[in-house]
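Undergrad: Would you be able to build a 3D model of this:
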Amino acid sequence: MSDTRTTDGAGAAEHGLRRSLGFRDLVVYGLLFIAPMAPVGVYGTLDAKSHGAVALVYLVATVAMAFTAFSYAQMVRVVPQAGSVFAYARAGLGKEAGFVAGWMVMLDYLLIPAVAYLFSGIAMNSLVPEVSRWVWTALAVVITTFLNLWGVRTAARVGFLVLALEIVVLLIFVVSAVVMLARDGAHRDWLSPLAGDGTQGAFALSAVVGAVSVAVLSFLGFDAIASFAEEVTGGSEKVARAVLFCLALTGVLFVAQTYLVALLEPLSSAQLAADPGKQGAAFYDAVDASVGAWLHNLVAVSKAIGAAFAALAGQAAAGRLLYAMARDRRLPRALARTDSGVPRTALLCAAVITLVAAVWAARRDDGLDKLVSVVDIGALTAFTLLHASVVGWFAVRRRSGPPVWWRHVLVPVLGAAITVAVIVEASGTAQVVGAIWLAAGLTVLFAQRGRSGRGTDEDAPGGTV
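TA: From the prediction side, this is the model:
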């Protein structure tokens, strides 16, 4: 890949992204975006929906998302470019499908950081109520944007320290939970997190499947690793391994923590189902009742800091997506400029949009609900196109030789079926917002037809776009 690109007809030089990330840095970005204790906020909801089989829900969700991770690993090896699913769909399905995939995942990459910033603002406001949560939210945006503008390597180093803090807090929770279970015993049967607690009737597979459609949202963010493909040293194979490793590790962490907290949970799944108001704080309430308020506060502080740096990783991925789409002349070309290997214009654009959304939500009582209800639909639509791109690249276009049918057809078809099923189960609000956003993207695409350069969908992977 050339290190210089052309930004306009005049031939102004633009330097490409700088290769400075290693395997650890990629995993740090992925884990930061997901957050090691992501199930904390949705544990109560999932426990109620699954009839107590919450650990089984995350086990099944990990397997379900493994199909998507596998497709990412397939495509990043042959299309090692920034932009992630935008580049993959463009290569496997054509430039129009690539634009749609990039446009849809853009919704996810811009709104998930807004939700994370808002989580951070809410947590800090609970600790220092004299300062409004929108102020804390805006401050988190400014600090993490500064780190991203400083450079991907610097942001990764700071992010590693934050991630280490989150892992330490998680380990403290695990050790404390094991000690309390050994000393006082479990409130529920030891197998109930995998088989249900029986308070809502016999084990129901349909209840577990319904909860899985919510649990997969905890994993959103591991895919952001692929957007750094042009900034990693050692080749795209390292990116593929990081995607798979990150998903596997978070799956283990999610299953372990939900299994333990379910055993500590003083309320049954039936009681949580009957009182939805208790579901959001169910994880904290279980910790309070079994271990003590000190661990509750420690987890809350960790979540406040971790959420801000989850947004940092999301903002970095959004900047790379805007950069890649602008480089392909699908967005204003100014977004494709880099400065010392950093796409600062694209990062600032993503930061401004995220700041507006996060502060707007922070100033509304229902702001969090509004954002959370729509953040996933873009990513799930893009994941579906990702799976289709695997089939298109390997089985239809046969750009890498004869396909391996189980790897290049069966796995992506099953993966697409899973993501479509989750879209069907999404809230009505999310579906409406997704449809409006898609319609807007198709309008932009229609307006661009005839203006794009010839042969852009036939470029060799890794070449100049």
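Undergrad: Strands of this protein, start to end?
TA: Listed in chain order, the strands of the chain (DSSP state E) span 4-6, 13-15.
Undergrad: Which of those strands has the lowest mean pLDDT?
TA: Ranked by mean pLDDT, the strands of the chain bottom out at strand 4-6, with a mean of 36.
Undergrad: So, low pLDDT: which residues of this structure?
TA: 1-16, 366, 368-369, 372-373, 450-465 (pLDDT under 70).
Undergrad: what's the longest helix in it?
TA: In the chain, taking DSSP state H as the definition, the longest helix is helix 293-327.
Undergrad: Show me which residues of it are buried.
TA: For helix 293-327, the neighbour count (16 or more other Cβ atoms under 10 Å) marks 295-296, 298-327 as buried. All C-beta spots, glycine's among them, are computed from the backbone N, C-alpha and C.
Undergrad: What is that helix packed up against?
TA: Under the contact criterion of 3 or more Cβ pairs under 8 Å, 6 or more residues apart in numbering; DSSP states H and E, helix 293-327 touches helix 23-34, helix 85-93, helix 95-127, helix 133-150, helix 152-184, helix 282-290, helix 344-362.
Undergrad: for those, which one sits closest to residue 260?
TA: Smallest distance to residue 260 across these (Cβ to Cβ): 4.2 Å, for helix 152-184.
Undergrad: Run through the helices of the stretch 351-465 of the chain in chain order.
TA: 367-372, 377-390, 405, 411-425, 428-448 (DSSP state H, counting those that start in this stretch).
Undergrad: Single out the most deeply packed of those helices.
TA: With neighbours defined as mean count of other Cβ atoms under 10 Å, these peak in mean count at helix 377-390, which reaches a mean of 27.
Undergrad: Endpoint to endpoint, stretch 271-289 covers what distance?
TA: Distance across stretch 271-289, first residue to last, is 16 Å (Cα to Cα, to the nearest Å).
Undergrad: Distance from the chain centre to stretch 432-447, please.
TA: 22 Å (Cα atoms, centre = their mean, to the nearest Å).
Undergrad: Would you mind pulling the contact partners of that stretch?
TA: 96, 99, 100, 103, 104, 107, 374, 377, 378, 381, 423, 426 (Cβ atoms under 8 Å, 6 or more residues apart in numbering).
Undergrad: Surely the second one and residue 325 touch.
TA: Yes. In this structure residue 99 lies within contact range of residue 325 using Cβ atoms under 8 Å: 7.5 Å.
Undergrad: okay, now residue 67: neighbour count?
TA: Applying other Cβ atoms under 10 Å, we find 21 residues neighbouring residue 67.
Undergrad: residue contacts, it?
TA: 387, 411, 412, 414, 415, 418.
Undergrad: go on, residue 359?
TA: Applying Cβ under 8 Å, 6+ apart, the residues near residue 359 are 134, 137, 138.
Undergrad: Not counting its neighbours along the chain, what's nearest the first one?
TA: In other words, residue 134. residue 362 (3.8 Å; Cβ to Cβ, 6 or more residues apart in numbering).
Undergrad: what's the answer for residue 47, then?
TA: Per Cβ to Cβ, 6+ apart, closest to residue 47 is residue 54, 4.5 Å.
Undergrad: where's residue 329 relative to residue 250, distance?
TA: 36 Å (Cβ to Cβ, to the nearest Å).
Undergrad: Who has more neighbours out of those two?
TA: Neighbours per residue (other Cβ under 10 Å) separate residue 329 from residue 250, with residue 250 holding more: 24 against 16.
Undergrad: so the more buried one touches residue 219, yeah?
TA: Yes. Counting by Cβ under 8 Å, residue 219 is a contact partner of residue 250 at 6.5 Å.
Undergrad: Pull the number of nearby residues for the closest residue to residue 236 other than its chain neighbours.
TA: The shortest distance from residue 236 to any residue other than its chain neighbours is 3.6 Å, reached at residue 80 (Cβ to Cβ, 6+ apart). Residue 80 is flanked by 21 other residues according to other Cβ under 10 Å.
Undergrad: From residue 349, how far off is residue 80?
TA: 24 Å.
Undergrad: Same check on residue 182?
TA: Residue 182 sits 52 Å away from residue 349, going by Cβ to Cβ.
Undergrad: Check residue 134 too.
TA: 21 Å.
Undergrad: Kindly report the same for residue 107.
TA: From residue 107 to residue 349 the distance is 15 Å (Cβ to Cβ).
Undergrad: How about residue 37?
TA: Here residue 37 is placed at a distance of 30 Å from residue 349 (Cβ to Cβ).
Undergrad: Residue 313 now?
TA: Distance, residue 313 to residue 349, using Cβ to Cβ: 17 Å.
Undergrad: Likewise for residue 288?
TA: 42 Å.
Undergrad: Residue 439 too?
TA: Taken as Cβ to Cβ, the span from residue 439 to residue 349 is 22 Å.
Undergrad: next one: residue 227
TA: Distance from residue 227 to residue 349, by Cβ to Cβ: 15 Å.
Undergrad: between the two, which one's more packed in?
TA: Using other Cβ under 10 Å as the criterion, residue 227 and residue 349 rank with residue 227 on top: 29 against 21.
Undergrad: quick revisit: wait, the residue nearest to residue 236 sits on residue 228?
TA: No. Taking Cβ under 8 Å as the definition, residue 80 is not a contact partner of residue 228, at 10.3 Å.
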